[in-house]
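>>> below are the sequence and a predicted model; questions follow.
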Amino acid sequence: MPRISITKTPKAYVGGKFIRSESGRVFPLTNANGEFICNIPQCTRKDTRNAVEVAGKAGAGWASKTAYNRGQILYRLGEMMEARSEELAQSIAITGEVSLSQARAEVALSIDRVVYYAGWTDKYEQVLGNTNPVAGPFFNFSVTEPVGVVSVFCSDHAPLLGLISQVLPIITSGNSVVVLASSTNPYPAILLGEMLATSDLPGGVLNILSGYKEELLDTFASHEHIRGSDLCVSGDLAKQAEVLAAESVKRIHVRESDVDWTKDTAQSLYAIRNFLEFKTTWHPIGA
Amino acid sequence: MPMITSNNSPLKRLLNDVGPVDQVAIEERVAKFATRSIKKASKLQGLNLAVSMVDLTTLEGSDTPGKVASLCQKAQHPDPELTTPQVAAVCVYPFMVKHARACLGDSNVRIASVATGFPAGQVPLRTRIQEVKQAVKDGADEIDMVIQRGLFLAGNIQAVQDEISAVVEACGDARLKVILEVSELESYDKIRAASFLAMQVIRPGDFIKTSTGKTSGNATLANNQVMLEAIRDFYLSTGTSISMKPAGGIKNSKQALQYLVAVKETLGDAWLIPERYRFGASSLLNDLLMQLRKQQEGVYQAPWKFSDASSGY
């Protein structure tokens, strides 16, 4: 007997739960020939607000885990992705913009990048922090702290590698993230949510929304609880983002949308540094 | 030992007198309250009204005079950037009443004190009465008493009513709020019965209140609705207006607006004043202020701007 096909309802991943948009809205995902694939949740500013709230609650616990433990958890995310790498590759190729073999290469590079940042969790402090030279009987230390909740707009191309390259350095140091997936192909990000759910990463540390940048830019840049933004936007939107972010003095990094995520320079210690605060402390010697 | 059925019969009689609650109908009804669309001006009005109805509460073993002082400051000036009303009252333990009075002086913010062996109420009547008198003497304007749920559930409802009467007397001019602790009353029918039991002996303007906030269950739209309807039915049959205070678990503006919708649609505008309706809450005020600032400034706010004990994250 022929089976009735079981299709999946793609959902956003917020606070460790899979949710629809509070608005109930969706937009169709189509392939290169214009054929319908599935409906994607079109998240709103209220969804963003809710995600920021849970990110704020989850962040403190994530940041207080030992650096070593954060590394273990991120490495496990790599393990989860490796086990489902073919599924991820197919989700990248689903719109027909890249071939399956190109998609497989993107997945492999994404997993390697997760492992790269998993390795940095207990090392970046030793490189970026410092014992500063002073002329007196004091120590002077500079140590780092995560900034808090960070908002991210992904680039539209490289829907998995781009997201990983932007988000991983941010959560490595104990920040939490609200990310808007690629608008042209959010499907790999939605699949990634399912892997996050089984990766030991506490719910709420990484929240994945889908929707449109034009609609969400205002909230992603202006929300005062968000302490940093890493946004792939260009032109007028980029300017608008910087103006809005300035109001609450956020750290903002605006990137052109056509970043080449495959380059070696797309992963670095400095990507971690972008969303750190430095705290410098004097301490008397011997006390 | 077999149940002594004669002990249960006064409770059964009371349940019979006040009539049953239709559980399905109540729960369907309150689910609808969440669907009202309240935007812009009406939302602003609702948020400000909710601020004026807050009993700003701190009931912790770790309360200090300093903490109560900052609570009183917040009660009088909820937000320097906004033109919000003051809250209705601060709600503290009896030991803190004199500290609150010292901070508030003759301010319009009232002082409510929980008393009568809060939260369990398992204390002899004589000491409970003494506690009430001392709180009033120290400057409390309102007394939040708890009923002895054990007596009620054992069917000894006359004793419960007598205790409430005795506390009414001990209150003098202070207003009384009778906490039924609905999470321990087992059913909507018994919540309704306990509401009537209290309403029969308290004075017009006194309150019935859902919860202590110290048990696993809190105020919900459903048990709030059961009590609002009891107040309505009591008003229609006796002409006496009893006030209402849900407490515990009301943490955000959206919930507060839903409770106000319930009041509006059950009892009408006459009950939409702080003398007739209160919210017992500690974290609600900050969320109300956060939404009001959002309405005023147009951007979502960060929790650390509202004296929230967040870790700064």
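Sure thing, it's come through.

>>> remind me, longest helix of chain B?
helix B:221-238 (DSSP state H).

>>> for that helix, give the mean pLDDT please.
Averaged across helix B:221-238, the pLDDT comes to 97.

>>> equivalent analysis for stretch B:59-71, please.
Mean predicted confidence for stretch B:59-71 is 95.

>>> and it, how far out from the chain's middle?
Relative to its chain's centre, stretch B:59-71 lies at 20 Å (Cα atoms, centre = their mean, to the nearest Å).

>>> what are the buried residues along that stretch?
Residues B:Leu59, B:Asp63, B:Val68, B:Ala69, B:Leu71 are the ones in stretch B:59-71 that count as buried (16 or more other Cβ atoms under 10 Å in any protein chain shown). In short, each C-beta sits where N, CA and C put it, glycine included.

>>> what do you get for stretch B:80-96?
Residues of stretch B:80-96 classed as buried: B:82, B:84-94, B:96 (neighbour count, 16+ other Cβ under 10 Å).

>>> let me know the closest of the buried residues of stretch B:59-71 to A:Pro284.
B:Ala69 (35.2 Å; Cβ to Cβ).

>>> that closest one: what's it in contact with?
B:His99, B:Cys103 (Cβ atoms under 8 Å, 6 or more residues apart in numbering or on different chains).

>>> change it to 6 Å
Counting by Cβ atoms under 6 Å, 6 or more residues apart in numbering or on different chains, B:Ala69 makes contact with B:Cys103.

>>> separation between it and chain A?
In this view, B:Ala69 and chain A are 28 Å apart by Cβ to the nearest Cβ, to the nearest Å.

>>> which strand or helix spans that residue?
helix B:65-76 (DSSP states H and E).

>>> kindly report the residues of chain A close to chain B.
Proximity of chain A to chain B, by Cβ under 6 Å from any Cβ of the partner chain, involves residues A:Arg49, A:Gly56, A:Gly59, A:Ala60, A:Gly148, A:Ser222, A:His223, A:Glu224, A:His225.

>>> ok, the first one - contacts?
This means A:Arg49. B:Tyr300.

>>> hang on, B:Val97 packs against B:Ala140?
Yes. Using Cβ atoms under 6 Å, B:Val97 is in contact with B:Ala140, at 4.9 Å.

>>> coming back round to it: now do the longest helix of chain B: everything it contacts.
Contacts of helix B:221-238 (Cβ under 6 Å, 6+ apart): B:21, B:26-27, B:30, B:182, B:188, B:191-192, B:195, B:199, B:208, B:210, B:241-242, B:244, B:246, B:262, B:266-267.

>>> quick check: buried residues in it?
In helix B:221-238, the ones that count as buried by 16+ other Cβ under 10 Å are B:221-231, B:233-235.

>>> sorry, back to before: please identify which pair of the buried residues of stretch B:80-96 lies farthest apart.
B:Leu82 and B:Pro94 (32.0 Å).

>>> select only the buried ones of the contacts of helix B:221-238 in PyMOL?
PyMOL command restricting those to the buried ones, with burial defined by 16+ other Cβ under 10 Å:
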select buried, chain B and resi 21+26+30+182+188+191+192+195+199+208+210+241+242+244+246+262+266+267
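
>>> so how far is stretch B:157-177 from its chain's centroid?
Centre-to-centre, stretch B:157-177 and its host chain are 16 Å apart (Cα atoms, centre = their mean).

>>> quick one: mean pLDDT for that stretch?
Stretch B:157-177 carries an average pLDDT of 96.

>>> try stretch A:41-61
Taken as a whole, stretch A:41-61 has a mean pLDDT of 96.

>>> so what's the gap between that stretch and the chain middle?
With Cα atoms, centre = their mean, you get 13 Å for stretch A:41-61.

>>> could you find the closest non-adjacent residue to B:Ala120?
Leaving aside its sequence neighbours, B:Ala120 sits nearest to B:Val146 (Cβ to Cβ, 6 or more residues apart in numbering or on different chains; 7.2 Å).

>>> what residues does chain B put near chain A?
Within reach of chain A by Cβ under 6 Å from any Cβ, chain B has these residues: B:Val299, B:Tyr300, B:Gln301, B:Ala302, B:Ser311, B:Tyr313.

>>> now, among those residues, which is nearest to A:Arg45?
Distances from A:Arg45 to the residues of chain B next to chain A, taken by Cβ to Cβ, are shortest for B:Tyr300, at 8.1 Å.

>>> if I pick the closest one, what's in contact with it?
B:Tyr300 touches A:Arg49, A:His223, B:Lys294, counting by Cβ under 6 Å, 6+ apart.

>>> check what pLDDT the last one gets.
I take that to be B:Lys294. 94.

>>> same check on the second one?
If you check A:His223, the pLDDT there is 97.

>>> anything in contact with each of B:Val97 and B:Ala140?
In contact with both B:Val97 and B:Ala140: B:Ser113, using Cβ under 6 Å, 6+ apart.

>>> so which of the two has more stuff around it?
Neighbour comparison, B:Val97 and B:Ala140: the larger count goes to B:Ala140, with 28 against 24 (by other Cβ atoms under 10 Å in any protein chain shown).
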